[in-house]
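**Student:** Dropping a prediction and its sequence here:
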Amino acid sequence: MKFVLLADNHSAISQIAKWYSDEWGYIGEGRSPKELELKLKDYLNHDKLPLIILAQAGDELLGAAQLRFHEMDIYPEREHWLGGVYVASEHRGKGIANAVVTAIIDKAKELGVSSINLQTEDFTGGLYARLGWQAVEQVTYHGIKVQVMEKSL
């Protein structure tokens with residue numbers, strides 16, 4: 001498995017958009033594959049946010065994760081966010097999510113980020129708790145109950 005930036009594999013945009021739409025399209029407007037493809041073009045960065053790291057085996061796309069700004073507008077003071085962590089269903093349970101989240105953390109450190117936030121519908125914190133993320137609070141955001149978590153880098 002190798003990690004590459006979306007900026008170095010533009011052809012992955014349509015697959016990621018489909019994944020995200022299938023997984024989180026229920027959240028609201030602007031989440032069709034076509035709409036997400038347009039939004040994902042903003043993530044074609046190497047050394048600034050937002051960006052996406054892809055997990056690949058050869059040319060096969062295994063998963064993805066985002067590092068971005070201000071995901072939740074109710075937290076204007078929380079600047080950097082992990083989001084869009086997704087692993088293709090046929091590759092789940094192989095440690096790919098752990099690896100791609102760790103790759104995002106490494107990239108965030110490289111860019112001088114001091115802490116990262118996330119939101120998850122898993123109130124135990126799951127993978128994120130195992131990787132050292134701390135619960136901040138539970139909130140209802142856009143009608144969905146989520147656990148907000150933070151990791152100092």
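**Tutor:** Looks like it arrived, so ask away.

**Student:** quick one: the strands in the chain?
**Tutor:** 2-5, 51-57, 60-69, 80-87, 115-120, 134-141, 144-152 (DSSP state E).

**Student:** looking at these, which is closest to Gly126?
**Tutor:** With distances scored as C-beta to C-beta, the stretch of the strands of the chain nearest to Gly126 is strand 115-120 (6.9 Å). Where C-beta positions appear, they are placed from N, C-alpha and C, glycine not excepted.

**Student:** quick one, longest helix in this structure?
**Tutor:** Criterion DSSP state H: the longest helix present in the chain is helix 96-110.

**Student:** rewinding a little: same list, the strands of the chain, but as TSV with mean pLDDT please.
**Tutor:** Compiled in TSV, the strands of the chain are given as follows (pLDDT from 0 to 100):
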stretch	mean pLDDT
strand 2-5	98
strand 51-57	98
strand 60-69	97
strand 80-87	97
strand 115-120	97
strand 134-141	96
strand 144-152	96
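
**Student:** Including distance to Asp22 and mean neighbour count, could those go into JSON lines?
**Tutor:** Compiled in JSON lines, the strands of the chain are given as follows (distance: least, C-beta to C-beta, whole Å; neighbours: other C-beta atoms under 10 Å):
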{"stretch": "strand 2-5", "distance to Asp22": "22", "mean neighbour count": "15"}
{"stretch": "strand 51-57", "distance to Asp22": "17", "mean neighbour count": "20"}
{"stretch": "strand 60-69", "distance to Asp22": "13", "mean neighbour count": "21"}
{"stretch": "strand 80-87", "distance to Asp22": "9", "mean neighbour count": "22"}
{"stretch": "strand 115-120", "distance to Asp22": "18", "mean neighbour count": "20"}
{"stretch": "strand 134-141", "distance to Asp22": "21", "mean neighbour count": "12"}
{"stretch": "strand 144-152", "distance to Asp22": "17", "mean neighbour count": "17"}
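
**Student:** No further questions, thank you.
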